[in-house]
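> The amino acid sequence is not available; the structure is as follows:
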């Protein structure tokens, strides 16, 4: 089987520090380096190829997420139990973010994962009936079915599939330059963001990868989760830029190192961690 490789880039995260914000960086315009690691590109760029995201990309950049909408009582109750960055329930130095001990970031938090000094990358391998999205951070992957199947109507009940950390996903090309991916059935344990917002197994999450030209892709992610939120909203709208050098690095949250930090530094210093 011939497999073509597509790479999109996300910023890798230190344990428990996935950010919702973007860097406010502009589009690549041929004026030189906008930021370290973002190379100078021809200006203007060439046209977008048809139904093809192949290449290495860096992002998310310039994220324009909507404010999280009011939560339902069930959503508020779960959010209050969590002690994440920016969450009013968090006391100084305390967090119960599951990623502190290297639990999976889950979807779609992994799309906005950040770190201070490293970039992560995201690979898509194309096969006749599916796309495989693999991420540098933790070397996890998602399976996007392109064969016209429907998403599961329910999970974790008799006769239905189990929920997954990265959900069940199906995709299709809306036109020659826009890939649409719909996901549901996400495991509820991972947080939606570093603040600790929840998302349910019945949430419907849609990604739209709009390739604007040879070197720019805009990704828009919307969430519809009536169990925990009062209305749908745009979780993410960010740009991804072409990167020279098609290497796929690896970044891991290593449980033994997380435990060592917890037991030798965090707890002795009085920081409350799981």
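It's in. Everything quoted here is computed from the prediction, not taken from an experiment.

> hang on, residue 185 packs against residue 150?
No: Residue 185 is beyond contact range of residue 150, at 11.9 Å (criterion: Cβ atoms under 8 Å). All C-beta atoms are positioned from the backbone trio N, CA, C, and that covers glycine.

> Name the SS class of the residue nearest the centre of the chain, please.
The centre of the chain sits closest to residue 111, judged by Cα atoms, centre = their mean, with a distance of 1.5 Å. Secondary structure for residue 111, judged by DSSP: H, G, I helix; E, B strand; the rest coil, is helix.

> got the contact list for it?
10, 60, 207, 219, 221, 236 (Cβ atoms under 8 Å, 6 or more residues apart in numbering).

> out of the residues you listed, which are inside strands?
Per DSSP state E, strands hold the following members of these: 10, 60, 207, 219, 221, 236.

> Can you tell me which of the residues you listed has the most neighbours?
Comparing the ones in strands among the contacts of residue 111 by number of neighbours (other Cβ atoms under 10 Å), residue 60 comes first, having 29 neighbours.

> Please name the spatially closest residue to it (chain neighbours excluded).
Once flanking residues are discounted, residue 60 sits nearest to residue 238: 3.2 Å by Cβ to Cβ, 6 or more residues apart in numbering.

> Phi first, then psi, for that neighbour.
The phi/psi pair for residue 238 (degrees, to the nearest 10) reads phi -140, psi 160.

> Neighbours of it, how many?
Residue 238: 22 surrounding residues under other Cβ under 10 Å.

> State the distance from the closest residue to residue 255 other than its chain neighbours to residue 190.
Distance criterion Cβ to Cβ, 6+ apart; nearest residue to residue 255, sequence neighbours excluded, is residue 102 at 4.5 Å. Residue 102 sits 12 Å away from residue 190, going by Cβ to Cβ, to the nearest Å.

> Tell me which of those two has more neighbours.
Shown here are residue 102 and residue 190; by other Cβ under 10 Å, residue 190 has more neighbours (22 against 18).

> Just give the closest residue to that one, not the sequence neighbours.
With sequence-adjacent residues excluded and distances taken as Cβ to Cβ, 6+ apart, residue 190 is closest to residue 106, at 2.6 Å.

> quick one, what contacts the one you found?
165, 166, 186, 187, 189, 190, 191.

> Residue 97 is in contact with the last one, correct?
Yes: counting by Cβ under 8 Å, residue 97 is a contact partner of residue 191 at 6.5 Å.

> Output the below-cut-off pLDDT ranges for the stretch 101-250 of the chain.
Low-confidence segments of the stretch 101-250 of the chain, defined by pLDDT under 70: 114-125, 246-247.

> Run through the strands of it in chain order.
Remark: strands assigned in the stretch 101-250 of the chain by DSSP state E, counting those that start in this stretch are 120-127, 130-135, 141-145, 168-175, 178-184, 204-211, 216-224, 233-242.
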